[in-house]
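Colleague: Next one to model:
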Amino acid sequence: MFTATIEKTELDGFRPRSRYPFNDMEVGDSIRFDEFRRAESARVAALQYAKRNRPDWKFAIRKSIHGWDIIRIA
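Modeller: Numbers count the residues shown, from 1 in each chain. All right, here's what the predicted structure looks like:
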């Protein structure tokens, strides 16, 4: 039979890894992508982040001459 033990670990300075910096964004901040596919993936991630963590936040996706932007609008 397998037995497992739980060890206590200090979490000072531990921050869960995140692919996108949504938590650090303020209204008007944006993240730029060269490819629509990556921008669409980030847009979905932003909507899920807002739904789970910040229900009052809103994000939008816009095409610019430089690529695709995910913008925090509220």
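Colleague: For Gly67, grab the count of nearby residues.
Modeller: Neighbours of Gly67 under the rule other C-beta atoms under 10 Å: 14. C-beta coordinates here come from the backbone N, C-alpha and C atoms, glycine included.
Colleague: check contacts around it.
Modeller: 32-35, 39 (C-beta atoms under 8 Å, 6 or more residues apart in numbering).
Colleague: do Ile70 as well
Modeller: Each residue near Ile70 by C-beta under 8 Å, 6+ apart is listed here: 20, 30-31, 33, 39, 42-43, 46, 59-61.
Colleague: Go through the residues you listed and name the one nearest Glu10.
Modeller: Tyr20 (26.9 Å; C-beta to C-beta).
Colleague: which residues touch the closest one?
Modeller: By C-beta under 8 Å, 6+ apart, Tyr20 lies in contact with 31, 42, 45-46, 49, 70.
Colleague: Could you identify the buried members of the contacts of Ile70?
Modeller: Listed as buried from those are 30-31, 33, 39, 42-43, 46, 59, 61; burial here means 16 or more other C-beta atoms under 10 Å.
Colleague: Apart from its neighbours in sequence, what residue is nearest Ala42?
Modeller: Ile70 (5.0 Å; C-beta to C-beta, 6 or more residues apart in numbering).
Colleague: want to throw the buried ones among the contacts of Ile70 into CSV with secondary structure?
Modeller: Formatted as CSV, these follow (DSSP: H, G, I helix; E, B strand; the rest coil):
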residue, secondary structure
Ser30, strand
Ile31, strand
Phe33, strand
Ala39, helix
Ala42, helix
Arg43, helix
Ala46, helix
Phe59, strand
Ile61, strand
